[in-house]
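Q: Sequence and predicted structure are below.
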Amino acid sequence: MEGTANTSAGESVIECQGLTKVFGNIEAVSGTDFSLRRGECFGLLGPNGAGKSTVIRIIYGATPRTGGSLRVLGYDPAIDARAIKKHLGVVTQNNALDEDMALRDNMLMYARCVGIARRDRAGRVDELLDSLSLAHRATARIRQLSGGMQRRVVFVRALLRRPRLLILDEPTTGLDPAVRLHLWERVRALKADGSSILLTTHYMDEAERLCDRIVIMDRGRIRAEGSPRALIERHCPGTIAVFPPDPGLRRRVAQVADATPEFTWFEDRAGVNVRGPDLRSVEEFLFKRGLVPLMLRPSNLEDVFLEITGRELGDDA
């Protein structure tokens, strides 16, 4: 017998406590706790192998959990996965579309498969095609569409049933900036309409702009949780000077930063960096030592990720 969903305003859409998943001798998810509130965009971030995909598969009932408790829209996925899927939309990493079928026909077929009433199918499909700027390609075969258009089609498919919970699993990977911005606006509109969104992404700017709260996972455990701004202020506040990856310059920057308590230095793909408390103090620090950076920038979520995991996002992608 199916459970009864209860997700009134302010209550949790996902409530996860002590979630654990073991594959053989590998603990892929280890004692994970988090919640997703109604009308919130929640980011689940981490390097490849952190356990994100396993958590998502457990949430919609594709993978059984080993331990812990989990409620999704008031249901337990281990018992009521079918009930959850009635209220769930998923933008998967892979498009998985019928490439030889026309776009509109493809979506009409999917609308039938997910139980949308015959009288409502065409209107719902046409509404979504229009909102995602796809109406002009409605009769084109999927394989004739660009990668960005196919990604938007996956959004249409996920939104057909007006989901209460939308899972976005790497939704904009490989897309050009214009398409990413278009999809960001759609996500913001969905959240404004009351949808609850769980987002995984390898783009830190995407997480920083869209998410109300974030958890950072690494090796199956949650290492940090909070709003993007709170995480930045907690783990690496300040201004960063970016220098090119020159060995001699690296030694000099490291030496002077190590000798100044309020300054730190670190390396990433761009080169060597110095972080100080604020823009003015960093400018004075550089001027006194005759150091000229490539640029000055505020700390961001990618710096937090590097600070917490010791890796840049995508190092092991």
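A: Looks like it arrived, so ask away.
Q: I figured Ala270 was touching Pro293, is that so?
A: No - look at Ala270 against Pro293 with C-beta atoms under 8 Å: they stay out of range, at 10.7 Å. Yep, even glycine has a C-beta here, placed from its N, CA and C like the rest.
Q: Which one's more surrounded, these two?
A: The neighbour count for Ala270 versus Pro293, taken as other C-beta atoms under 10 Å, is higher for Pro293 (20 against 14).
Q: what sits against that one?
A: By C-beta atoms under 8 Å, 6 or more residues apart in numbering, the contact list for Pro293 reads 241-243, 274, 286.
Q: Same check on Glu11?
A: Glu11 touches 37-38, counting by C-beta under 8 Å, 6+ apart.
Q: Check the spacing between it and Ser69 real quick.
A: For Glu11, the distance to Ser69 equals 16 Å [C-beta to C-beta, to the nearest Å].
Q: overlap in contacts of Ala270 and Pro293?
A: Overlap of the contact sets of Ala270 and Pro293 (by C-beta under 8 Å, 6+ apart) consists of Val242.
Q: Can you pick out the ones from the contacts of Pro293 that are in helices?
A: If you go by DSSP state H, the contacts of Pro293 have Leu286 in helices.
Q: Select only the buried ones of the contacts of Pro293 in PyMOL?
A: Entered in PyMOL, the line below selects the buried ones among those, by 16 or more other C-beta atoms under 10 Å:
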select buried, resi 241+243+274+286
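Q: Pick the one among the contacts of Pro293 closest to Ile216.
A: Nearest to Ile216 among the contacts of Pro293 is Val242, at 22.6 Å by C-beta to C-beta.
Q: Glu267 is in contact with the closest one, correct?
A: No - between Val242 and Glu267 there is no contact under C-beta under 8 Å: 10.7 Å.
Q: Provide the secondary structure category for the residue lying closest to Ala241 once chain neighbours are set aside.
A: Nearest non-adjacent residue to Ala241, counting by C-beta to C-beta, 6 or more residues apart in numbering: Pro293, 3.9 Å away. Recorded secondary structure, Pro293: coil (DSSP: H, G, I helix; E, B strand; the rest coil).
Q: for the chain, which helix is longest?
A: Max-length helix for the chain by DSSP H is helix 177-192.
Q: still on that earlier bit, show the pLDDT at the residue nearest to Ala241.
A: Note for Pro293: predicted pLDDT of 94.
Q: swap in Gly10?
A: pLDDT recorded at Gly10 is 54.
Q: re earlier: now list whatever residues contact both of Val242 and Glu267.
A: Here Val242 and Glu267 have Asn273 as joint contacts, going by C-beta under 8 Å, 6+ apart.
Q: Please point out which parts of stretch 244-254 sit buried.
A: For stretch 244-254, the neighbour count (16+ other C-beta under 10 Å) marks 249-250, 252-253 as buried.
Q: what would those look like in a markdown table with secondary structure, distance to Arg118 and pLDDT?
A: Formatted as a markdown table, the buried residues of stretch 244-254 follow (DSSP: H, G, I helix; E, B strand; the rest coil; distance: C-beta to C-beta, whole Å; pLDDT from 0 to 100):
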| residue | secondary structure | distance to Arg118 | pLDDT |
| --- | --- | --- | --- |
| Leu249 | helix | 68 | 90 |
| Arg250 | helix | 66 | 90 |
| Arg252 | helix | 72 | 92 |
| Val253 | helix | 67 | 92 |
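Q: which of these sit farthest apart?
A: The largest separation in those, counting by C-beta to C-beta, is between Arg250 and Arg252 at 7.4 Å.
Q: which other helices and strands contact the longest helix of the chain?
A: In terms of contacts (3 or more C-beta pairs under 8 Å, 6 or more residues apart in numbering; DSSP states H and E), helix 177-192 is packed against helix 147-159, strand 196-200, helix 204-210.
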